[in-house]
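Undergrad: Pasted the sequence and its predicted model underneath.
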Amino acid sequence: MKTVIRMFLLAALASVPSALSAQSAPEVTPRDAGTHIGERAMICGHVQSAAHLEDRDGAPTVMRVGGTYPYERINVVIMGENRAKFPPSPEEMFRGKDVCVTGTIDFYDGSASVEASAPDQIQVKEPS
């Protein structure tokens, strides 16, 4: 009986680090995001501009963080298929705000980007 309990406890403890690492991600600046392609990270910065590009393939909402086009540091992309999960008009809700987005850094339209497919990936930072 003790062996069964020990095995159960070891299995439970072994899953804790992976659950914690799935929730946390290292913070990367918008400026450095392009050097972390393929990595999961949290990027915080000011949303300089945002637009829903209805006529583009996938009807994305694109938010430029850390600079304006073509000098943005990173794009936060919400594809049209995920748009309904976000508050109405996410481009208006986030434009001009300081946000932190968590996800895997990739490329979109030639710039470093993070695709947000769920609202919990983007947090608005409250002014201090």
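TA: Cool, the structure landed.

Undergrad: so which helix or strand takes in Glu91?
TA: For Glu91, the host element (DSSP states H and E) is helix 90-94.

Undergrad: all helices for this protein, in order.
TA: Using DSSP state H, the helices found in the chain span residues 2-23, 90-94.

Undergrad: helices and strands around the last one, which ones?
TA: Counting contacts by 3 or more Cβ pairs under 8 Å, 6 or more residues apart in numbering; DSSP states H and E, the secondary-structure elements packed against helix 90-94 are strand 40-52, strand 61-65. For glycine as for every other residue, the C-beta is placed from the backbone atoms N, C-alpha and C.

Undergrad: Make JSON lines out of those strands and add mean neighbour count and mean pLDDT.
TA: Below are those laid out as JSON lines (neighbours: other Cβ atoms under 10 Å; pLDDT from 0 to 100):
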{"stretch": "strand 40-52", "mean neighbour count": "19", "mean pLDDT": "95"}
{"stretch": "strand 61-65", "mean neighbour count": "25", "mean pLDDT": "95"}
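
Undergrad: can I get the ones you listed in CSV with distance to Cys100?
TA: Shown next, in CSV, are those (distance: least, Cβ to Cβ, whole Å):
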stretch, distance to Cys100
strand 40-52, 4
strand 61-65, 10
